[in-house]
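Participant: Mind folding the following:
(chains A and B)
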Protein chains: 2
Amino acid sequence: MSTRGYDIAQVSGGVLAPAGFSAAGVAAGIKKRPGSLDVCVLDAGTPVPSSAVFTANTMAAPPVLVSREAIASGRLRAWVVNAGNANACTGEQGHADALAMAEVTSRALGCDLADVGVASTGVIGVPLPMTRVLTGIEDAVGALGTSADQDTAAAQAIMTTDTFVKQVAYTVEVDGSVYTVGGMAKGSGMIEPNMATMLAFVTTDASLTSEACSTLLGTSVASTFNRITVDGDTSTNDTCALMASGVVGDGPIAPDHPHIPAISAAIGRTCADLARMIVRDGEGATKIVEVTVCGAASEADAEAAARSVANSPLFKTALFGRDANWGRVAMALGNSGAAIDPARVEIVFAGITTCKGGTAVEFSEEEAAEALAHDEVEVKVDLHLGGAQATVLTCDLTYEYVRINGEYRT
Amino acid sequence: MSTRGYDIAQVSGGVLAPAGFSAAGVAAGIKKRPGSLDVCVLDAGTPVPSSAVFTANTMAAPPVLVSREAIASGRLRAWVVNAGNANACTGEQGHADALAMAEVTSRALGCDLADVGVASTGVIGVPLPMTRVLTGIEDAVGALGTSADQDTAAAQAIMTTDTFVKQVAYTVEVDGSVYTVGGMAKGSGMIEPNMATMLAFVTTDASLTSEACSTLLGTSVASTFNRITVDGDTSTNDTCALMASGVVGDGPIAPDHPHIPAISAAIGRTCADLARMIVRDGEGATKIVEVTVCGAASEADAEAAARSVANSPLFKTALFGRDANWGRVAMALGNSGAAIDPARVEIVFAGITTCKGGTAVEFSEEEAAEALAHDEVEVKVDLHLGGAQATVLTCDLTYEYVRINGEYRT
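Facilitator: A predicted model of the protein is given here:
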């Protein structure tokens, strides 16, 4: 049975767009501002096939360690998330607190402790205010619902200094079946006194197997969340999870099922949108910059080269200044470790060729500055060596980044 | 014959402090501001044992390619340097221009083309104004001298947007012999429209062999110039060279000579001072930050960890804000790839312990902010895993960095 075509359409909502889930976001008093939503519970009603990927940071926070163990079974019933405190660098107490969050959630839901994943984001090195957190969890479980309001409240309750709610949903129709995928994320907003953290939760009503969840999440993350960078730093708490309620589909959808490409496309689109929102909301960013390297000898080279350019503070600062500074791109390419023939490099800023055959091409600085004034800017590099290509999203480096991150914690 | 002790003392001057060298710095009109010195010649009078290390950037500029070939013999007579134009990303014309710089220098000096090293720094992607450059070289050779004025003029002529002249010299006395080492450098000042470049030239009157030059330069660079970072970007033109006139010493001083440790110490001190000056003059920097990681399982781990912290924009911005934000240090450690036991990590900002056993230690934020207000700040990390240690120097990330690098090129 070969795959036929499929149709994808965006729909409203986030993690509650697919059937089979309920959620809530409540104010538990963890965040400083009174009334701010800061505890979220996302519930599938019963343990369902799930997958999650976590930060590669070796200083991974206790909630990450707890969730890594829980997800090993390939099934979870719920995620509990708090914002305002990352429960990171908190030692044994932090581990006990993360377990307590799972324990109280499971008790309130009536399931096993091992069926609950835990995520935290916010200030690090400060013990969680456990009384507030646990009360908040009980409140959230009591408030679980499926309305659009709860959908948005859940997405708000995982935010730190994000300036807007990040949620999106898609349906995909294939062979007469309609699957829905939804997601919410929080991005690289800073919270005093610490680092950016990325959290993302994706739901689907497709009856994916655990293995399919793992494969689809891995593929999507590799080309979306792992291809964005704000400042090259990876937090101790990064978590990205997928849950499949199984409401739609005739029997289990394993990785070799013919509907997989369609479902994968919807999950990919959801992750890509959330990733783009995270970059757009990067600290102090005025623009999204899409760095594409093509003509590379291998995909690894293409990615290394694109990442080196996207992470270069000199490049990012130039874009803030609307400066088509291709010399900085050349420099970053040369530092990437990718195979490069300097005499073949071509660099295009927002459609304007600035460098060809490794040397300068005349162009109008005014025209370039105008093209770089837009919210979204494309920088393309052709290495003219092979057929591999990769894109990395980043943002510009601005005064505001320095202000946000340089402020006193007090 | 075992090494006895030795005494090191700082003396005035730079590359002309050791006997056997002459130098000049002249204004050739390459830099925009009229009268700015921009061509430098450093001459040893005859081909002498020499060594050089260059950028690892694969987009290395033509002067680097020309100098790599010249230095292969282990002997050079002279270096010719221009500032204001990096002759990078200039293709075949750039290569011909770099060769022409060597050729005109060698003709004026009366030596072989292969006896001349070439270095350039400044704007990239723009062809060198060769008429001016070649006239400047002839003027510089005509002006060669050994006065303190010429010493300083040479150091000025290699500057781009450096805000101060970088030169230093030391003498070292061992077993009755007195050796002198001098050096000049230019740092990570930006020059429109491009990247930072580091150039450093070190001279000594010790009768080092070529092999000894290579060994001593390699050792010194590894612990000095290779242990500094302003923004993690490596330029296309970085060059660091050592020349030994051989005026002092009874016969050749090979790597196993008993005076080597003393001479090595003087070269190391010279390089360390120049490296520190480069960081102090980092773009927009308000302070030098010395990041030391000790207690690492291996020296590679110690260096990786220190480098990861020193390169973290979040860490560098926090230091601008006088914020003892140890969470960002923990995050950067976790991203370094070094072996780390999170439960053992200790982090000390300017003498104030902020984290021990991987968790927060109470400290006064006001006291910390005061301690971090100084020009030079030490951040120490003890991984409590082993005996290895490494230090990396960096500077803070400021509004001024964004301003300097984000300005229009026009």
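
Participant: what's the neighbour count on residue A:32?
Facilitator: Residue A:32 has 11 neighbouring residues, counting by other C-beta atoms under 10 Å in any protein chain shown. Using the backbone N, CA and C atoms, a C-beta is placed for each residue, glycine as well.

Participant: Tell me who's in contact with the closest residue in space to it that isn't next to it in sequence.
Facilitator: Excluding the flanking residues, the one nearest residue A:32 by C-beta to C-beta, 6 or more residues apart in numbering or on different chains is residue A:84, at 7.5 Å. Contacts of residue A:84 were listed using C-beta atoms under 8 Å, 6 or more residues apart in numbering or on different chains, and they are A:30-32, A:36, A:38, A:121-123, A:160, A:191.

Participant: Just send the residues you listed back as TSV, with secondary structure too.
Facilitator: Formatted as TSV, the contacts of residue A:84 follow (DSSP: H, G, I helix; E, B strand; the rest coil):
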residue	secondary structure
A:30	coil
A:31	coil
A:32	coil
A:36	coil
A:38	coil
A:121	strand
A:122	strand
A:123	strand
A:160	coil
A:191	coil
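
Participant: out of these, which are buried?
Facilitator: A:30-31, A:36, A:38, A:121-123, A:160, A:191 (16 or more other C-beta atoms under 10 Å in any protein chain shown).

Participant: Give me the three-state assignment for the residue nearest to residue A:32.
Facilitator: Residue A:84 is classified as strand under three-state DSSP.

Participant: Wait, residue A:295 touches residue A:390, no?
Facilitator: No - with contact defined as C-beta atoms under 8 Å, residue A:295 does not count as touching residue A:390 (11.0 Å).

Participant: Compare the two (neighbour count), which wins?
Facilitator: residue A:390 (22 against 19).

Participant: Name the strands paired with whichever helix or strand that one is part of and say parallel or antiparallel.
Facilitator: In this structure, residue A:390 sits in strand A:388-395 according to DSSP states H and E. Under the criterion DSSP bridges, strand A:388-395 sits next to strand A:228-229 (parallel), strand A:288-296 (antiparallel) in its sheet.

Participant: May I have the strand or helix carrying residue A:275 as CSV, with CA atoms only?
Facilitator: Using DSSP H and E, the element containing residue A:275 is helix A:260-280. This file holds the C-alpha atoms of helix A:260-280, laid out as CSV (Å, rounded to 0.1, in the frame of the first residue of the first chain):
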residue,chain,number,x,y,z
ILE,A,260,3.2,8.0,8.8
PRO,A,261,4.5,10.5,6.2
ALA,A,262,1.3,12.6,6.5
ILE,A,263,1.4,12.6,10.3
SER,A,264,5.1,13.3,10.2
ALA,A,265,4.4,16.3,8.0
ALA,A,266,1.9,17.7,10.5
ILE,A,267,4.1,17.1,13.5
GLY,A,268,7.0,18.7,11.5
ARG,A,269,4.9,21.7,10.6
THR,A,270,3.8,22.1,14.2
CYS,A,271,7.4,22.0,15.5
ALA,A,272,8.7,24.3,12.8
ASP,A,273,6.1,26.9,13.6
LEU,A,274,6.8,26.7,17.3
ALA,A,275,10.6,26.9,16.6
ARG,A,276,10.1,30.0,14.5
MET,A,277,8.0,31.6,17.2
ILE,A,278,10.8,30.9,19.7
VAL,A,279,13.4,32.7,17.5
ARG,A,280,11.0,35.6,16.8
